[in-house]
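Enquirer: Got a predicted model here, sequence first, then my questions.
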Amino acid sequence: MLLSEIIKIVDGKKLWDFEDKNCDICGATDMVSELLAIEKDDMLLITGLTTPQMLKAADITRVGAILIVRGKEITPQFLEMAKEYKIPLILTKLVMFTACGKLFCAGLRDINGNKYGN
């Protein structure tokens, strides 16, 4: 699913001018250790955690993009790090549960490859 489609589904906002790209799978966590255990290339990470440690872990695990939930405020440092790592950032006011549900119902697969209706 293209990031531009994801932005529409979650009524999101691009936090910097990144290129549109495809993310076919999605994972959601607020724990750095869990992200490191998942490690799926180019996945969309849904999180409310906006720390430098989460961005470093996202870079290590080759996350394709990050969707930040609950309308969390982003620090200039976090934004600059995301640009440096070339990780697209999207912000939504939705809570994690709702964002996950909307994207799953729209056809985004979970980290195990499951798709809505299968």
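Expert: Structure's in. What do you need?
Enquirer: got the residue ranges for the helices in this protein?
Expert: Ranges of helices in the chain, per DSSP state H, are 3-9, 32-38, 52-60, 76-85, 96-105.
Enquirer: buried residues in the second one?
Expert: By neighbour count, with 16 or more other Cβ atoms under 10 Å as the criterion, the buried positions of helix 32-38 are 32, 35, 38. C-beta here means a position set from N, CA and C on the backbone, and glycine is covered the same way.
Enquirer: Nearest to I60 among the residues you listed?
Expert: L35 (8.7 Å; Cβ to Cβ).
Enquirer: Show me the shaky parts of the protein.
Expert: Under the criterion of pLDDT under 70, the regions of the chain flagged as low confidence span 118.
Enquirer: Just the C-alpha atoms of stretch 81-100, please, in PDB.
Expert: Output for stretch 81-100, consisting of C-alpha atoms alone and laid out as PDB, is shown next (Å, rounded to 0.1, in the frame of the first residue of the first chain):
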ATOM      1  CA  MET A  81      16.900  12.100  12.700                       C
ATOM      2  CA  ALA A  82      14.100  10.700  10.600                       C
ATOM      3  CA  LYS A  83      15.300  12.800   7.600                       C
ATOM      4  CA  GLU A  84      18.900  11.700   8.200                       C
ATOM      5  CA  TYR A  85      17.800   8.000   8.300                       C
ATOM      6  CA  LYS A  86      15.400   8.600   5.300                       C
ATOM      7  CA  ILE A  87      12.400   7.200   7.300                       C
ATOM      8  CA  PRO A  88       9.100   8.800   6.300                       C
ATOM      9  CA  LEU A  89       7.000  10.100   9.200                       C
ATOM     10  CA  ILE A  90       3.200  10.300   9.200                       C
ATOM     11  CA  LEU A  91       1.200  11.800  12.000                       C
ATOM     12  CA  THR A  92      -2.400  10.900  12.900                       C
ATOM     13  CA  LYS A  93      -4.700  11.800  15.800                       C
ATOM     14  CA  LEU A  94      -6.100   8.300  15.800                       C
ATOM     15  CA  VAL A  95      -5.200   5.900  18.600                       C
ATOM     16  CA  MET A  96      -3.100   2.900  17.800                       C
ATOM     17  CA  PHE A  97      -6.000   0.400  17.800                       C
ATOM     18  CA  THR A  98      -8.100   2.500  15.400                       C
ATOM     19  CA  ALA A  99      -5.200   3.100  13.000                       C
ATOM     20  CA  CYS A 100      -4.300  -0.600  12.900                       C
END
